[in-house]
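S.K.: Below is the sequence, then the predicted model.
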Amino acid sequence: MNLLSPLALALGITLPIVVLFYLLKVRRHDEEVSSTFLWNDLIRDLAAHEPLQRLRWNVLLILQLIALAAITFAIARPFSEQLGQKPVQAVLLVDGSASMQARDVQPSRFAKAVDAARSTLAGLPENSLATVILVAAHPQVLVAATADRQQVDRALASAQPSGAAADMREALLLARSLGGDPSARRIYLFTDGAFSLPSDLPDDLGSVQVVPVGESTGNLAVTAISTRPDPMDNRRQQLFTRVANFSDFPARTVVSIAVDGQTLEDRPVDLAPNAESPQVFEQLPAGARYASVSVSDLSGANGLTLDDTAYAVLVQRKPAQVLLVSNGNQFLEKVLTLLPNVDLYRIAAQRYLAVEADRFDIIVFDNYLPPLLPRGNLLVVNPPDRGPYRTTGSISRPRVASWDREDPILGFVDIRDLNITRASKIDVPRWAKPLISTSDGTPLMLAGQDGDRRVTILPFDLQQSNLPLMSAFPIMMANMVNYLSPPGVVQSSEIQTGSPESLSPLPQVQSVRVTGPNDQASEFRTGQGSITYAATDVPGLYRVQQLVQGGQQTVDDDLFAANLANPEESDIRPRLAGLNNPGPLDAGLTRLQKEIWGALAAVVLPLLLFEWFWFHRRT
Amino acid sequence: MPAPQTLIDATLARSLERLALVSRKRLIAQGQGDRRSLRKGSSLEFADFRHYVEGDDPARVDWNIYSRTDTLFVRLYEEEEVLNVHLLVDASRSMDWGEPSKLRYARRLGAALGYVALNASNRLFVWPLCASVASYGPAWGRGRASAMLTFMDEFRPAQTTTPLIFGHTAPPDLEQTLGSFTSRVGGLIILVSDLLSPTWDRALARLAGRSGDVVVLHTLAPQELRPTLGGDVRLIDRESGAAVSVTLNNDAIRLYGQRLDEWRRTVESFCARHGIGYVPIDTSTALESLIFDVLRRRGVVR
C-alpha cells in the first residue's frame, strides 16, 4: 500500500497533542469554603475532568486517538495498486431529433435511447470520463467529461427530444473535439438511425458505436404547406399542401383542413407506398388568421404524430399607403394604381410641403426631392442635382452591363433591352447597393437601408427611357413596392421547427411576448434592431404580441407557424449505414490506484458518533 | 433591661421575656427554681393524669372526670426546680463563614436563648467550643444578662487563619473540642454548630451519653445549602487547609445537594436514635422568626 500524500502524515503530531490535553492540569481558581467535608465524598463522582499528573486511560481518549489516527491516514490518501480496465473518455450522443419521438417502441424511441445510454454508462471501466451531447438542431453538451456518474444520470434524465431535425455532423465533430485522446475516446451514438450519413464526415472520428433504438415502421406526414392569395379574388387565399406516405404499404388517409380551428373539409386520399400527394384547397374564408392541415391514417401504422399536422398563417397584409409626388408621370400613376395592396395618393411637387408625408408608408419622388426627407420608405426617380443624394454630372445613353438577378427587386425582371437617353451620375451612398450598372460602374439603380428607411433610387427620368414600355416594368414596380412596404413583426410566416424566427418590433413597442404551442410564454425587451427567437422546437402556431405600457397593452398581435416539413425527418425508418465502427471496446488493462480513504471515513464517522454518545452518557 | 444592640435589641429582648426553655426530659437539679421536676408531686403546676391506685391521696382524685367517666384519675403536679442550661456555641473556623456569618448568627441565637434562660431563673453556662476563652457561668437571674451578652459577643475563635498546607497544623475536630465542656452538672445542653466535622457523630454520642436533655441547632449558611459556585475551582477547607479540585457544573451542584440532604437526614436520624432534639437552621432565616416560629414548633422554647 502506498500513499498519494505522504506529507499529510505530519498531521500525526496531533495525536500526542491530544494526549497532552489529557495530561494538562485544568487551571482552577481557589474558593475558600467552610469545610470540604461534604465535597470529599463527591470527588469520586466528579473526577471525570479531574486534572491528572499521570495519564489515565479512558474510553474517550482512546476513541479520539483512533479517530485522529484514521483521519490522518485518510488524508495521506492511501491506495492499493491493482490491475483494471483502462479508463476511457466516453461521449454519449443521444439523438434528440423529431423522429426520436416516434412511439413504435414504448414509451418512445428517445426514452429507450436514454435507457441504453444509462446501460452503456454503467458498463464503462472505472474512472472513465463521460460526456453527454443531446443531438438537436444545435447539439447541446448536457455534461462534459465527468467521472461523476450521478451527474451524468441527472443530465440524461433532464434531456428532452426536440421537434426539429438534428445536425448529426456538427454533433459528431463536437464529440470528436470533446472526446480528447483518440486512443481513449469512445463515441456512442444512441439513435433510431432515421437519417442519412452526412457525406463530409472526417475520417478521424475514431471508435463510434451506434446503439440502435426503434423499429422499421411506416409514417404519414404533411411535408409541405403554403398559401397565396387567390388570383380570382385577392381577399381570399389558396392553400397548397403535400402529404406523404413513408411506408412500403399503401395507405388510405383522410386529409383535413381547418381554418381558425374550424374543420373546413375532410378529403380522402389514397397514397401508394413511398409516395406523396399534393393537395390544393381553394377559396379559404376571407379574414381567417390561420389554417391547419392534418393527415390521419385509416389503414395502418403511423409512427410519428409530430408531423401529422402542419399550420399556415393566412397573411392579410394591409394595403401600403403610397404618396406619389410628381408633376405628372402617367407611367408611374398607372402602374401604382394597378398594383394590388396599394392605396395611391398623388400630389404635385410644389404642394408637397402642405401634406403630412410622415403618415405614408412609401413616398415616390419623381424629378423632385424636398430638402428634408420624410420618415417613410422612398422611391426616388431622377433626383435633382441639388439634394440629399449627390450627383456628379450625367451620362448619355448608358448601356446596361450587369444587374443583380438575385435581388428580390429584380426577381423575374429582364432589362437587357433597357435604353436610357440620359442618366445622372449619382454618388453611391454607404448604405446603398447598385442593382443595375453600366460597364464603367455607373449605377442605374440603387437600393438599400438608410437607417430606419428603405430607399430605392432610379437616377434617370422614366420618360427619357423605354423602361415604362417594357414588360419588366410592372413586375419590377411590384417587387419594389413589396420591398418598400413596411414589414410586419414576423419576418417569415412559416418556418421549419428548430429554425430561428426574426422578429422586428415596431419602434414604440417596449416588449414582445411570444407564446408557443404549449402555451409557454417568453417576453423580450426590445432594444436596437430585431429579436431572434430560437425556441421553435415544437411544431405549431406561435403568437407574437407587441406590448406597450409595461406589457399591459397589445399594439399588434401576429402569428407564425413552425412545421417539421422535413421529409428526411418524417421518414422514420432506420437507414443509417457506414457509421458504426466500434473499434476495440476493451482499452486494455492498466495498473489502477484504488484509494481507500472512503473506507476510513466510513469507520471514523460511527467512531465519532459513538464518542459523542459516550461523552454525553456520562454527563 | 437594655440589651446590647449588637446581638439582640430591646424589642427582641422584651419578646424573649415571655419565653422559657423546654426540657423534654424532666430534670432533677439542686435548689428551687422555675423548672418542673420529674418528681411530680404537690406543687401547684399541673403535669398529668394517671389512674388511681390504692394508697393515693383521695384529695388528688379529679372528681370532675370521675363524674363524667366513672373512672378514678388522680392529678399529678410538678415540683418547680432549677434547670441547668449549657449553651455550647461552636466557634470553629468553619462557623466563621457565610453571609451572614454562621458564628455571628450563633452568637445572636445563643444570646437570645441565654437571655431566656436567665429570665427564667435557669442556671446558665456558656461553653464556646474552640474559642479563645473557656466558659461563662454559672449565672442565673436577670441581673447577669448584660455580662452574659458581653461574653457572648466577645469570645473569639481560637483559629484565625486557614492553614496554607494541609495537615501541617491539624485543628481539633468537634469531638476533641467537646473536651472543653468540662462541667459534670447535668441539665439542658443546647449545641449550636454546623457539625461540619468528620467526628460529628462521635461528638453527639458523647453529649447524648451525659445526663440531661440535648438539643442540636444545626446551623448552616445559605451558601452551604445552595452553593452558587461554578466552573473549575479548588475548594479550600477553612479549618484544615485541605483542597478539593472539582468542576462545578449543574450536575456537580445537583450531586452536592443530594449529598447534603442525605447527610442532614443522617444527622437527624442519629439524633432521634440517641434522644437528641434536632433543629436544622438556615442562617438566612430571621432570628425572630427562628425563635418564635421554628424553635417554638420544635419544642425548644415555649
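M.R.: Now that the structure is in, tell me what you want to look at.
S.K.: What is the least confident helix or strand in the chain?
M.R.: Because you didn't say which chain, this covers chain A. helix A:43-46 (a mean of 61; mean pLDDT, DSSP states H and E).
S.K.: try again with chain B
M.R.: strand B:32-41 (a mean of 50).
S.K.: First-to-last residue distance for stretch A:375-386?
M.R.: Criterion CA to CA, to the nearest Å; first-to-last residue distance in stretch A:375-386 is 20 Å.
S.K.: Also stretch A:506-524?
M.R.: One end of stretch A:506-524 sits 13 Å from the other (CA to CA).
S.K.: Return the set of residues that bridge with the spatially most central residue of chain B.
M.R.: Closest residue to the average C-alpha location of chain B: B:I190 at 2.8 Å, with CA atoms, centre = their mean. Beta-bridge pairing of B:I190 under DSSP bridges involves B:L87, B:V215.
S.K.: For it, which residues are in contact?
M.R.: Going by CB atoms under 8 Å, 6 or more residues apart in numbering or on different chains, B:I190 touches B:21, B:85-88, B:110, B:113, B:214-215, B:217, B:300. Just so you know, the C-beta spots here come from the backbone N, C-alpha and C atoms, and that holds for glycine as well.
S.K.: where in the stretch 1-150 of chain B is pLDDT low?
M.R.: In the prediction, the stretch 1-150 of chain B carries residues with pLDDT under 70 at positions B:1-5, B:24-50, B:53-56, B:76-81.
S.K.: surely A:L484 meets A:V380?
M.R.: No. If you go by CB atoms under 8 Å, A:L484 and A:V380 don't touch, sitting 11.1 Å apart.
S.K.: what do these two both touch?
M.R.: Common contact partners of A:L484 and A:V380 (CB under 8 Å, 6+ apart): A:T456.
S.K.: Could I get the full set of strands for chain B?
M.R.: Taking DSSP state E to define them, one finds strands in chain B at B:32-41, B:45-51, B:73-81, B:84-90, B:123-129, B:136-139, B:187-193, B:212-220, B:231-237, B:243-248, B:276-282.
S.K.: among these, which is nearest A:S99?
M.R.: Between A:S99 and the strands of chain B, the tightest spacing by CB to CB is seen for strand B:243-248, at 77.1 Å.
S.K.: which residues does residue 106 contact?
M.R.: In the absence of a named chain, chain A is used. By CB under 8 Å, 6+ apart, A:Q106 has no neighbours at all.
S.K.: Let me rephrase: I mean chain B.
M.R.: B:A106 makes contacts with B:89-91, B:95, B:192-193, B:219, as judged by CB under 8 Å, 6+ apart.
S.K.: And the residue of the stretch 351-500 of chain A that's closest to chain B?
M.R.: Closest residue of the stretch 351-500 of chain A to chain B, CB to the nearest CB: A:G498 (72.0 Å).
S.K.: So which residues of the chain form helices?
M.R.: Looking at chain A here, since you left the chain open. A:14-23, A:37-40, A:43-46, A:59-75, A:109-122, A:149-158, A:168-178, A:330-338, A:472-484, A:567-570, A:597-618 (DSSP state H).
S.K.: try again with chain B
M.R.: B:10-16, B:63-69, B:102-119, B:145-154, B:174-177, B:200-208, B:222-225, B:250-273, B:287-289, B:296-297.
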